[in-house]
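Undergrad: coords below, sequence missing:
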């Protein structure tokens with residue numbers, strides 16, 4: 001079976017965007033962005049990017065550059081080494097690498113299994129997580 005190739009759009013390092021952005025596939029921002037992002041796709045904030053947002057909302061958000069504002073990743077948010085985020089994050093899954101500047105709060109979204117973490121073996125709790 002052939003691997004599915006999805007569309008990727010990139011705002012280059014010389015791009016300056018101010019306003020509201022909506023997209024469904026994959027976007028890489030390498031320049032400057034100011035405004036709001038409402039997306040159902042994957043967003044990457046490149047190392048050279050500077051984003052000042054009211055809110056970023058996307059399926060997946062990977063930050064290598066700088067973001068000032070709130071981030072919501074319905075599936076995941078990843079803060080890569082050397083990135084800077086000043087804002088609150090809400091997501092189902094988060095990864096924060098070493099050497100990240102982060103100022104804000106993290107809220108985990110999604111259902112938590114109806115299993116008491118302290119009354120079951122870790123293997124049973126992990127199974128409950130997978131089954132949700």
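TA: Thanks, I have it. Worth saying up front: this structure is predicted, and the values here are computed from it rather than measured. Residues are numbered from 1 along each chain as shown.
Undergrad: got any ranges where this protein has weak pLDDT?
TA: The chain contains residues with pLDDT under 70 at 1-6, 111-132.
Undergrad: quick one, helices of it?
TA: 122-131 (DSSP state H).
Undergrad: In contact with the most centrally placed residue in it, which residues?
TA: Closest residue to the average C-alpha location of the chain: residue 61 at 2.4 Å, with Cα atoms, centre = their mean. Counting by Cβ atoms under 8 Å, 6 or more residues apart in numbering, residue 61 makes contact with 42-45, 71-73, 76-78, 91. All C-beta spots, glycine's among them, are computed from the backbone N, C-alpha and C.
Undergrad: any idea how far it lies from residue 14?
TA: Residue 61 is 23 Å from residue 14, where distance means Cβ to Cβ, to the nearest Å.
Undergrad: Now do residue 71 against residue 108, distance only.
TA: 13 Å.
Undergrad: These two: which is more packed in?
TA: residue 71 (27 against 11; other Cβ atoms under 10 Å).
Undergrad: what's the overlap in contacts for residue 71 and residue 108?
TA: 90-91.
Undergrad: Can you report phi and psi for the closest residue to residue 82 other than its chain neighbours?
TA: Once flanking residues are discounted, residue 82 sits nearest to residue 99: 5.8 Å by Cβ to Cβ, 6 or more residues apart in numbering. Phi and psi for residue 99, reported as degrees, to the nearest 10, are phi 60, psi 40.
Undergrad: you'd agree residue 99 is up against residue 79?
TA: No. Residue 99 is not in contact with residue 79 according to Cβ atoms under 8 Å; the separation is 10.0 Å.
Undergrad: neighbour count winner among those two?
TA: residue 79 (23 against 8).
Undergrad: show me what contacts that one?
TA: Contact partners of residue 79, counting by Cβ under 8 Å, 6+ apart, are 63, 85, 94-97, 100, 102.
Undergrad: With residue 71 instead?
TA: Per Cβ under 8 Å, 6+ apart, neighbours of residue 71: 55-56, 61, 63, 77, 85, 87-91.
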